[in-house]
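A.B. asks: structure here, sequence nowhere to be found:
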């Protein structure tokens with residue numbers, strides 16, 4: 001899924017590079033003027049650039065409907081899963097460096113919590129293809145708390161005490177209160193709240209976990225799985241898991257997890273790409289999700305009858321010794337987003 005996520009965010013590394021250079025240079029200049037340690041300041045700025053790039057860079061396939069924020073999703077399973085641990089790791093370094101740079105752990109922690117709240121809201125309102133999620137917020141807050149505690153521990157080991165605790169506490173409460181209050185106001189006025197079942201319940205089944213991983217890879221982060229059904233679709237056929245999400249549907253082989261078909265709920269808006277880039281986006285998708293089944297095959301490209309910009313790529317493999325014939329069709333919109341995919345092997 002990491003490869004799929006990286007392919008779904010082609011601008012991630014360029015955005016990180018530009019932000020890292022700009023913020024790092026600004027932090028170096030500020031540190032020299034204020035007498036702060038320049039190396040720590042630059043690392044701190046680069047870590048914030050990484051956070052901004054990962055969370056705000058638009059994804060290739062993502063949600064483009066009414067902005068919403070999910071509250072009450074499975075916090076426990078997310079926190080202990082791969083995605084949760086990655087969210088924790090994302091915010092631990094900035095928090096650690098914030099303590100070393102400013103020596104105000106409570107104010108720094110409050111500022112980072114406000115920042116991650118702003119990030120969750122911004123990635124929804126800016127149309128990045130993501131939606132804010134309470135579980136992500138709590139995961140990132142846990143990462144910020146972890147980094148802050150590590151930073152305080154490092155200072156104490158080096159014989160350096162943090163700043164005045166009472167003043168730090170007052171400033172932290174002020175920053176956190178005002179900042180989170182503003183974020184909450186934006187949530188209430190501008191974003192639909194989607195309240196699911198309360199979190200902290202038992203971890204979901206393996207089918208749900210696999211369905212969620214595939215959904216995030218197909219349609220973008222924070223896709224919400226609403227229903228799954230597993231069973232054979234015909235007599236003597238292998239079991240298939242059919243999944244419904246808020247952004248589309250798909251089917252996977254219940255035994256292997258291989259994608260069988262997918263359909264998005266409408267095209268994602270954006271800039272119309274040249275035809276060769278639309279075809280390249282479809283080929284990338286086919287290689288990521290069906291690469292082991294289309295090795296050596298060259299697709300036939302045809303325009304979609306109802307759209308001059310969309311393209312359908314058809315891969316065909318005739319039957320061979322011990323190998324059934326295969327036909328794969330992948331349809332991509334003019335903006336380079338998946339419309340549908342279907343593979344048939346008989």
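C.D. replies: Happy to help now that I have it. This is a predicted model, so every value here is computed, not measured.
A.B. asks: for the helix or strand harbouring residue 262, name the packing helices and strands.
C.D. replies: Assigned by DSSP states H and E, residue 262 belongs to strand 259-264. Helices and strands touching strand 259-264, by 3 or more C-beta pairs under 8 Å, 6 or more residues apart in numbering; DSSP states H and E, are helix 206-219, strand 248-253, strand 338-345. C-beta: built from backbone N, CA, C; applies to glycine.
A.B. asks: tell me what the helix or strand just after the first one is packed against?
C.D. replies: Sequence order places strand 225-232 as the next helix or strand after helix 206-219, per DSSP H and E. Counting contacts by 3+ C-beta pairs under 8 Å, 6+ apart, the secondary-structure elements packed against strand 225-232 are helix 206-219, strand 239-245.
A.B. asks: out of those, the one nearest residue 132 is which?
C.D. replies: Of all the helices and strands packed on strand 225-232, helix 206-219 sits nearest to residue 132, with 14.9 Å by C-beta to C-beta.
A.B. asks: which parts of the closest one are buried?
C.D. replies: 207-208, 210-219 (16 or more other C-beta atoms under 10 Å).
A.B. asks: got it, and stretch 226-236?
C.D. replies: residue 228.
A.B. asks: what of stretch 245-263?
C.D. replies: Buried residues in stretch 245-263, defined by neighbour count with 16+ other C-beta under 10 Å: 245-252, 254, 259-262.
A.B. asks: before we move on, what about stretch 321-330?
C.D. replies: Neighbour-count burial for stretch 321-330 flags 326, 328-330 (criterion: 16+ other C-beta under 10 Å).
A.B. asks: quick one: the helices in this protein?
C.D. replies: Taking DSSP state H to define them, one finds helices in the chain at 2-7, 12-34, 38-56, 75-80, 82-102, 105-125, 134-157, 165-190, 206-219, 275-290.
A.B. asks: and the protein, what are its domain boundaries?
C.D. replies: Domains of the chain are assigned by automatic domain parsing as 14-57, 60-203, 206-345.
A.B. asks: turn those domains into TSV, including mean pLDDT.
C.D. replies: Compiled in TSV, the domains of the chain are given as follows (pLDDT from 0 to 100):
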stretch	mean pLDDT
domain 14-57	91
domain 60-203	78
domain 206-345	86
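A.B. asks: against residue 36, how distant is the residue sitting nearest the centre point of the chain?
C.D. replies: By C-alpha atoms, centre = their mean, the chain has its centre lying nearest to residue 221, at 3.8 Å. Between residue 221 and residue 36 the computed distance is 35 Å (C-beta to C-beta, to the nearest Å).
A.B. asks: what's the answer for residue 228, then?
C.D. replies: Separation of residue 228 from residue 36 (C-beta to C-beta): 52 Å.
A.B. asks: look up how far residue 113 lies from residue 170.
C.D. replies: As judged by C-beta to C-beta, residue 170 and residue 113 stand 16 Å apart.
A.B. asks: neighbour count: those two, which is higher?
C.D. replies: For residue 170 versus residue 113, neighbours defined as other C-beta atoms under 10 Å are more numerous around residue 113 (23 against 13).
A.B. asks: my guess is that one meets residue 172, correct?
C.D. replies: No - at 9.5 Å, residue 113 does not count as touching residue 172 under the criterion of C-beta atoms under 8 Å.
A.B. asks: tell me who's in contact with residue 228.
C.D. replies: Contact analysis of residue 228 by C-beta atoms under 8 Å, 6 or more residues apart in numbering lists 207-208, 211, 241-244.
A.B. asks: can you do 6 Å?
C.D. replies: If you count contacts by C-beta atoms under 6 Å, 6 or more residues apart in numbering, residue 228 has them with 207, 211, 241, 243.
A.B. asks: follow-up on the earlier one: in CSV: the buried residues of stretch 245-263, plus distance to residue 319.
C.D. replies: Output for those, formatted as CSV (distance: C-beta to C-beta, whole Å):
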residue, distance to residue 319
245, 34
246, 39
247, 35
248, 31
249, 29
250, 26
251, 23
252, 24
254, 25
259, 22
260, 19
261, 21
262, 25
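A.B. asks: tell me the one of these nearest residue 23?
C.D. replies: Nearest to residue 23 among the buried residues of stretch 245-263 is residue 247, at 32.4 Å by C-beta to C-beta.
A.B. asks: I'd guessed the closest one sits against residue 219; true?
C.D. replies: Yes - contact criterion C-beta atoms under 6 Å: residue 247 and residue 219 qualify, at 4.0 Å.
A.B. asks: could you report the separation of the closest residue to residue 27 other than its chain neighbours from residue 52?
C.D. replies: Closest residue to residue 27 apart from its sequence neighbours, by C-beta to C-beta, 6 or more residues apart in numbering: residue 45 at 3.6 Å. Distance from residue 45 to residue 52, counting by C-beta to C-beta: 11 Å.
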